[in-house]
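Asker: got a structure for you, letters missing:
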C-alpha cells in the first residue's frame, strides 16, 4: 500500500512539473513600489505575487483614448472583486517618469497595479506577442485563471459588464 501511495505522489508531482514549464521570470516594481513577479510559462503567464487570484493583465498606453476610457471600468472591477481578482496593467507606450506615473494614477484614481514601460517590460510584451499573435494594438488584455492559464484575450476597449461575466466564471 505504501508503494502505491508513493507512486501516486510521484506521478502527481511529475504531471504538475510538466504542466508548468517556466520559460522566463520577470521581476517588476509597480506604481506603489510593490514587487510583481511574472513567470512566462509554456501554458500561460503565472503571477506568483497574486497566487490564487484571477488576474486581468492589461496592456495600455497613456495616450490611447480607448485605454483611458477603460480605466474607470477597471477601477470598478478591482474594487468589486478585490478578494479574488487583481488587475495588473502594463504601460507599453513611451516611458513615463516616476512623477508622471504617480500623477497619472492619482488623476484617474487607479486602484490596481501599473507596471511602467521599460526595456524589461518591452521584452515581456514581445514574449506575449509571440505567444498570442498580438500585433501591438492597444488596449489588449489577457484574463488569466488562478493557475495562470489564459482564459480569454481581449483586443480593444472592454466594458465592465463583459468582463464581469468572464471573471466570475473563473472564481
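Answerer: Thanks, I have the structure now. A quick note: this is a predicted structure, and the numbers were derived from the prediction, not measured. Residues are numbered from 1 along each chain as shown.

Asker: can you list contacts of the helix or strand hosting residue 128?
Answerer: Element membership for residue 128, per DSSP states H and E: helix 119-132. Counting by CB atoms under 8 Å, 6 or more residues apart in numbering, helix 119-132 makes contact with 23-24, 26, 28, 38, 40, 45, 59, 90-92, 115, 134-136, 142, 150, 153, all of which sit outside it. C-beta: built from backbone N, CA, C; applies to glycine.

Asker: Can you give me the buried ones in it?
Answerer: Neighbour counts over helix 119-132 (16 or more other CB atoms under 10 Å) mark 121, 124, 125, 127, 128, 131 as buried.

Asker: Return the member of those nearest to residue 66.
Answerer: Relative to residue 66, the closest of the buried residues of helix 119-132 is residue 125; by CB to CB it sits at 17.6 Å.

Asker: What distance do you get for that closest one to residue 96?
Answerer: For residue 125, the distance to residue 96 equals 15 Å [CB to CB, to the nearest Å].

Asker: cool, and residue 80?
Answerer: Distance from residue 80 to residue 96, counting by CB to CB: 27 Å.

Asker: Which two of the buried residues of helix 119-132 have the greatest separation?
Answerer: Farthest-apart pair in the buried residues of helix 119-132 is 121 and 131; separation 15.8 Å (CB to CB).

Asker: still on that earlier bit, residue 80 and residue 96: which has the busier surroundings?
Answerer: residue 96 (18 against 12; other CB atoms under 10 Å).

Asker: related to what we said a few turns ago, quick check: what element follows the helix holding residue 128 along the chain?
Answerer: That would be, after helix 119-132 and using DSSP H and E, strand 140-144.

Asker: Give the pairing partners of that next one; include direction for each.
Answerer: Note on strand 140-144: by DSSP bridges, its sheet partners are strand 54-60 (antiparallel), strand 150-155 (antiparallel).

Asker: the inter-axis angle of that strand versus helix 119-132?
Answerer: Orientation check (axes from the mean of the first three to the mean of the last three CA atoms, to 10 degrees): strand 140-144 against helix 119-132 gives 80 degrees.

Asker: quick one, helices of the chain?
Answerer: In the chain, the helices defined using DSSP state H lie at 2-19, 65-80, 98-107, 119-132, 160-168.

Asker: Name the stretch among these that sits most buried.
Answerer: Among the helices of the chain, helix 65-80 has the highest mean neighbour count (mean count of other CB atoms under 10 Å), at a mean of 16.

Asker: Report all helices and strands that that helix contacts.
Answerer: Packing partners of helix 65-80 (3 or more CB pairs under 8 Å, 6 or more residues apart in numbering; DSSP states H and E): strand 54-60, strand 85-91, helix 160-168.
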